[in-house]
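J.: Kindly return the folded structure for what I paste below:
(chains A, B and C)
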Amino acid sequence: MSAALRTEGLGKAFTLHLQGGVRIPVLGGVDLAVHAGECVALWGPSGAGKSTLMRCLYGNYGAGGGRILLRHRNGELDLATATPQQVIEARRETMGYVSQFLRVIPRVATRDIVAEPLITRGMAREDAAARATDLLHRLNLPDRLHGLPPATFSGGEQQRVNLARGFAPHYPVLLLDEPTASLDAANRAVVIGLIRQAKAEGSAIIGIFHDTEVREAVADRLYDVLPQQDAA
Amino acid sequence: MTALLTATGLDLRFGAIPALVDVAIDISAGEVVAIVGESGSGKTTLLRVLSGMMAPDAGTVLWQGQDLRAMGEAARRRLMRTDWGFVHQNPRDGLRLNVSAGGNVGERLMAVGARHYGNIREQALDWLKRVEVDASRIDDLPRTFSGGMQQRLQIARTLVTRPKLVFMDEPTGGLDVSVQARLLDLIRGLSRELGLAVLIVTHDIAAARLLADRMLVMRRGEVVEQGLTDRVLDDPQHPYTQLLVSSVLAA
Amino acid sequence: MTAPETGYTFAYLDDATKRMIRRAILKAVAIPGHQIPFGAREMPLPYGWGTGGIQVTASILGPDDVLKVIDQGSDDTTNAISIRRFFTRVAGVATTERTADATIVQTRHRIPERALREDQVIVYQVPQPEPLSKLEPRRAETERLHALADYGLMHVRLYEDIARLGHIAKAYDYPVMVNGRYLMSPSPIPAFDNPKMDRMPALQLFGAGREKRIYAIPPYTSVRSLDFEDHPFRPIRAPHACELCGSTDSYLDEVLTDDAGGRMFVCSDTDYCGERQAGANKAAAE
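T.: Numbers count the residues shown, from 1 in each chain, chains lettered A, B, ... in the order given. Below you'll find the predicted structure:
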């Protein structure tokens, strides 16, 4: 069975035109594969490029070289060369991403933020709202917050909104960038539960987990991300 | 996905000043595409050329495979009141200020042949509700509305005939920041709900990030970079885009 | 009756001008409801006194024609008398107050009650030929709207009336669609008269002197008053009988009779009213 997401010789470098065109290589020759029901934790020192790799996988950063193959709609889509429309479609149907920060339109209610990806996937408005409410409860966000925009929430609360939004649609592939960074022990346990459940349901998960307890609880294996030689 | 609108090789000069230089762009159903760049970069000119309000020196614009210039003014006008909409930066350019809110929303319906007062009024009420204008204001003149309400009214007036593509020229330009957010959410919601394609010109990078699926960066009449919105903003390739992104104030 | 003036061309206008106006009229007849520009001349009457109608009449008038001129339905108001006297002096044509006897009827603000025939022509005096003028002040833009038959704007106006007043408030100069194509101002006739224009056997010509436009409705052409399905066009009439002839279906004028608030409703069409009264007297005498 082919991997849910795999890379072949993925590379990435940044060229900073505002700093005289200096070129900073971050990733090189990354060969990574994750299968359905499996969780791979990216591992490496700070600055090694774990977040960059994550962002490349999601299409947020353009790949510098190599291939990023996503199993999507009964085929494989190379995200390194996909058109924007294909990336958007893959994000809608196949691949979710929970970043460390919540970026949403101001003044939209929390419940609607969580329900939105469900509605774009075709779920009825009421069903989507119900599922959003369930997940927010599970992440210990009380009812009185569901109707408020998250702009004034604490960092931990915002992260839980982000998690609810990421876990709501049951994506076949889920990318988690430090999902428990601002959470207390109780909520960390909830997130561990969510990840395990997603794996059991067949999701392929790639994560960056600084928290050893969480990493050990969910990761099936580690993938080493090695710092690149500075070419400058 | 087949494109609704496809433009290739667009060139336009205003005397010595290049307004469009070999611009190509396409937009498909349900997509929100933002055109960003500083003042004078050719954004608004591009919008005017794509919507047939201005003819390019060279290049073609195809609407569902039909050449815009070949179709004639009558057909273009018909497009403008059926399959297309145009939302102006200044709502006063897009509204009739001496006509009630209901009349403003109903105009496009009447222009395409609606002749039942009750139905027109019902649809006007429904659209006022969608854009969050209180139903009791239906018979009031738009000049008694706030700027944000006027802009929402302009959107209702434009969308009432269910266009496939809406051109928006700095729709949040003259509005308070608090009102902008609400309008952005409205535009995004309506575009999703109606499967509407939106081509939006803006210099507000933050707004473009939240609203647009794709983005084109223009400078001196040229498209210097384009692609997925978050990729253009987070991993900009062109020196100008890097400058533009690094110049945005973080909120 | 005064003898015709000498030293003028027949019917005042020189022949070149008449030919120019006739060409405009032919073009207008060929495109029902479409406004044709023409080179309106200075007339020996001020604008607003029917200079457009007079030029049209002068261009179609022949020595054997019988002219009737009405103003608000009446043959004996200053405007009607002046124009009638003008043509008597410059053309020496016969005039009449009887609708049935006229070959040409020049009118300001009314259509006679008696149905017009194929062998008659009615000439309307028009102050503002552009029905969209109040909605769109730019002439170039209104012409474009006509060219594209883009008339949603006019319906917006009617919509506004219903929204504010519960009904379409336009009581005169009520816009019509001619031959299903051109939006047209019927001149400031009461909306009551609009149905008379539809499929009228007589040729209808419209002249606007100040605005320099001529337009026309050929005989038997469809003329529809704009309306909404659920707010259909209704000709409005004062709910009274004429106090002179007893008519209950003619258009009425309200006339003040004294300073104490006394008033009466009488037919606006004096010829029609007179004929009915004469008929009643005759019947009574027999």
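
J.: Not counting its neighbours along the chain, what's nearest the closest residue to chain B within chain C?
T.: Of all residues in chain C, C:Gly152 sits closest to chain B, at 2.9 Å by Cβ to the nearest Cβ. For every residue, glycine as well, the C-beta is placed using N, CA and C. Once flanking residues are discounted, C:Gly152 sits nearest to B:Ala111: 2.9 Å by Cβ to Cβ, 6 or more residues apart in numbering or on different chains.

J.: Tell me, how many residues neighbour the one you found?
T.: Using other Cβ atoms under 10 Å in any protein chain shown, B:Ala111 has 20 other residues around it.

J.: quick one: it and C:Ala149 touch, right?
T.: No - using Cβ atoms under 8 Å, B:Ala111 is not in contact with C:Ala149, being 10.2 Å away.

J.: Now do the contacts for the residue in the stretch 101-250 of chain B that chain A sits nearest to.
T.: Closest to chain A within the stretch 101-250 of chain B is B:Pro239: 3.5 Å, counting by Cβ to the nearest Cβ. Contacts of B:Pro239 were listed using Cβ atoms under 8 Å, 6 or more residues apart in numbering or on different chains, and they are A:His17, A:Leu18.

J.: and the spatially closest residue to B:Glu132 that is not a sequence neighbour, how many residues sit next to it?
T.: In this structure, B:Glu132 finds its nearest non-sequential neighbour in B:Arg152, 6.5 Å apart by Cβ to Cβ, 6+ apart. By other Cβ under 10 Å, the residues close to B:Arg152 number 25.

J.: What of C:Asp161?
T.: So C:Asp161, with other Cβ under 10 Å, has 15 neighbours.

J.: my read: it touches C:Ala169, true?
T.: Yes - look at C:Asp161 against C:Ala169 with Cβ under 8 Å: they come within range, at 4.5 Å.

J.: Give me the distance between the lengthiest strand in chain A and the centre of its chain.
T.: Taking DSSP state E as the criterion, chain A has its longest strand at strand A:5-16. Distance, stretch centre to chain centre, for strand A:5-16: 17 Å (Cα atoms, centre = their mean, to the nearest Å).

J.: so what's C:Met200 up against?
T.: Applying Cβ under 8 Å, 6+ apart, we find C:Met200 in contact with C:Leu116, C:Ile122, C:Ile217, C:Pro219, C:Tyr220, C:Thr221, C:Val223.

J.: Nearest to chain A among those residues?
T.: Chain A has its nearest neighbour among the contacts of C:Met200 in C:Val223, at 50.5 Å by Cβ to the nearest Cβ.

J.: And C:Cys267, its phi and psi?
T.: For C:Cys267, the backbone dihedrals are phi -60, psi 140 (criterion: degrees, to the nearest 10).

J.: Surely it is in contact with C:Leu252?
T.: Yes - with contacts counted by Cβ under 8 Å, C:Cys267 reaches C:Leu252, the gap being 6.4 Å.

J.: Show me which residues of the stretch 101-250 of chain B sit near chain C.
T.: Contacts of the stretch 101-250 of chain B with chain C, taken as Cβ under 8 Å from any Cβ of the partner chain, map to B:102-103, B:106-112, B:115-118, B:120-121, B:138-139.

J.: So which of those residues belong to helices?
T.: Taking DSSP state H, the ones among these that sit in helices are B:Gly102, B:Gly103, B:Gly106, B:Glu107, B:Arg108, B:Leu109, B:Met110, B:Ala111, B:Tyr117, B:Gly118, B:Ile120, B:Arg121.

J.: check contacts around the fifth one.
T.: If you count contacts by Cβ under 8 Å, 6+ apart, B:Arg108 has them with B:Arg81, B:Arg157, B:Thr158, B:Val160, B:Thr161, C:Gly152.

J.: residue ranges with poor pLDDT in chain B?
T.: Counting by pLDDT under 70, chain B has low-confidence residues at B:1, B:249-251.

J.: So which residue is smack in the middle of it?
T.: Central residue of chain B (Cα atoms, centre = their mean): B:Met168, 1.7 Å from the mean position.

J.: Is it within a helix or a strand, and which one?
T.: Using DSSP states H and E, B:Met168 sits in strand B:165-169.

J.: Likewise for A:Val40?
T.: Here A:Val40 is assigned to strand A:39-43, by DSSP H and E.

J.: circling back to that earlier point, and the buried ones among the ones in helices among the residues of the stretch 101-250 of chain B next to chain C, selectable in ChimeraX?
T.: Selecting only the buried entries of those in ChimeraX, with 16 or more other Cβ atoms under 10 Å in any protein chain shown as the criterion:
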select /B:102,103,106,107,108,109,110,111,117,120,121
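
J.: three-state assignment of B:Val21?
T.: Here B:Val21 takes the strand state, with states given by DSSP: H, G, I helix; E, B strand; the rest coil.

J.: pLDDT weak spots in the chain?
T.: No chain specified, so I'll use chain A. The model of chain A has pLDDT under 70 over residues A:1, A:229-232.

J.: try again with chain C
T.: C:1-3.

J.: now the residue nearest the centre of it, which residues is it bridged with?
T.: Nearest to the mean C-alpha position of chain C, counting by Cα atoms, centre = their mean, stands C:Tyr124 at 3.5 Å. Note on C:Tyr124: beta-bridge partners C:Thr107, C:Phe206, judged by DSSP bridges.

J.: What are the boundaries of the helices in chain C?
T.: Using DSSP H, helices in chain C cover C:15-30, C:51-60, C:78-91, C:139-147, C:152-165, C:194-197, C:270-285.
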